[in-house]
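Undergrad: Next one to model:
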Amino acid sequence: MSSRILAVIPARGGSKGLPGKNIRPLAGVPLIGHAIACGNALPLVARTVITTDDAEIAETARALGGDVPFLRPAELARDDTPSAPVIQHALAEVERQEGARYDGVLLLEPTSPARDPQRIADAIALFDSRPDLDGVVAVSAPWFNPLWVGVEAADDGTMKRFFPEAAGVTRRQDNPRRYLRINGSFYLWRAEFVRGLKSNWLDEGTFAPFEIPESEAFSIDDEDEFRLIEALAAGGFVQLPASPSATPPPSS
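TA: Coordinates of the predicted model:
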């Protein structure tokens, strides 16, 4: 039986790293529009909502077909507000309005626009097949091996290996371990886990990694990153969910 999933798109109005980023056009569509398009392209997601404190973001999201059923309280939109209470508030508010409970929560941050909805559909299938898990989270293999190149600066101005176990390895190909990174593309959690989340999700549950290509794992935090994905999208190297050629995944 398929889980009843709520997709949540968080879009605070007061970004410091890249002001106005959530409604800044990317490939002709406000950034938040790519997250909305992704959520709306997923037949296995019962509802996709935007949680924002900002009236302009709310208006832009609605114009793009987004569902903004409430405005986020100001105390949940400060610079130092962690993610957990924001997601919990969105889930609780939607469930209160609907009078019904959800089984899962899918977090789609606007700053990771290069998602493939089909991969998320596959992740939902994994989620449904593994009731022992608290969630399924997007990961990717970085274009470098941290075991091979990872160093830290010492107090005396020199550097030393971050991973002592790499000592003596002279060729990159001889590194035995393969590292993955949490890339922020999507997070899919049990709703019950979200309701009880205290601080850091990774420290509080059991999760399966769902690997996506590193080429789809962009996260925009500053001007340089925005311009990079803008150039890649213009050159056809990155597919965005709200682009004219994007197609939704099958419902099965």
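Undergrad: CA only for contacts and neighbour counts going forward, please
TA: Will do.
Undergrad: Pull the number of nearby residues for Glu214.
TA: If you count neighbours by other C-alpha atoms under 10 Å, Glu214 ends up with 15.
Undergrad: got it, and Ile229?
TA: For Ile229, the number of neighbouring residues by other C-alpha under 10 Å comes to 21.
Undergrad: distance between the ends of stretch 90-108?
TA: 13 Å (C-alpha to C-alpha, to the nearest Å).
Undergrad: cool, and stretch 168-184?
TA: Start to finish, the residues bounding stretch 168-184 are 33 Å apart (C-alpha to C-alpha).
Undergrad: what's the spacing between it and its chain's center?
TA: Distance of stretch 168-184 from its chain centroid, counting by C-alpha atoms, centre = their mean, to the nearest Å, is 24 Å.
Undergrad: list the buried ones in that stretch?
TA: Using 16 or more other C-alpha atoms under 10 Å as the test for burial, stretch 168-184 gives 180, 182-184.
Undergrad: and what of stretch 36-52?
TA: Buried residues in stretch 36-52 (16+ other C-alpha under 10 Å): 36-42, 44-45, 47-52.
Undergrad: Touching that stretch from outside, list them.
TA: For stretch 36-52, contacts defined as C-alpha atoms under 8 Å, 6 or more residues apart in numbering pick out 2, 4-13, 58, 61, 64-72, 77, 86, 90, 108, 115-117, 120-121, 124, 241-242, 247-251.
Undergrad: just to revisit the earlier point, among the buried residues of stretch 36-52, find me the one that's closest to Phe218.
TA: Cys38 (14.9 Å; C-alpha to C-alpha).
Undergrad: Tell me the first helix or strand C-terminal of the helix or strand hosting the closest one.
TA: In the assignment (DSSP states H and E), Cys38 maps to helix 31-40. Where DSSP H and E defines the elements, the next helix or strand beyond helix 31-40 is strand 45-51.
Undergrad: can you give me the strands for the stretch 101-250 of the chain?
TA: In the stretch 101-250 of the chain, the strands defined using DSSP state E, counting those that start in this stretch lie at 104-107, 135-140, 151-153, 159-161, 181-190, 207-211.
Undergrad: Please identify the buried residues of stretch 155-168?
TA: Buried, per 16+ other C-alpha under 10 Å, within stretch 155-168: 161, 166.
Undergrad: Give me the mean pLDDT for it.
TA: For stretch 155-168, the mean per-residue pLDDT is 88.
Undergrad: Renumber starting at 120 from here on
TA: With the count now opening at 120, the last piece we talked about shows up as stretch 274-287.
Undergrad: so what's Pro332 scoring on pLDDT?
TA: We note a pLDDT of 94 for Pro332 in this prediction.
Undergrad: give me every residue that touches it.
TA: So Pro332 contacts 259-260 (C-alpha under 8 Å, 6+ apart).
Undergrad: residues contacting the residue lying closest to Gly269 once chain neighbours are set aside?
TA: Among residues not flanking Gly269 along the chain, Phe281 sits closest, at 5.3 Å (C-alpha to C-alpha, 6 or more residues apart in numbering). If you count contacts by C-alpha under 8 Å, 6+ apart, Phe281 has them with 266, 269-271.
Undergrad: Any of those buried? List them.
TA: Leu266.
Undergrad: Could you dump the contacts of Phe281 into CSV and include pLDDT and distance to Arg220?
TA: CSV is the format used below for the contacts of Phe281 (pLDDT from 0 to 100; distance: C-alpha to C-alpha, whole Å):
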residue, pLDDT, distance to Arg220
Leu266, 82, 43
Gly269, 89, 45
Val270, 92, 47
Glu271, 93, 47
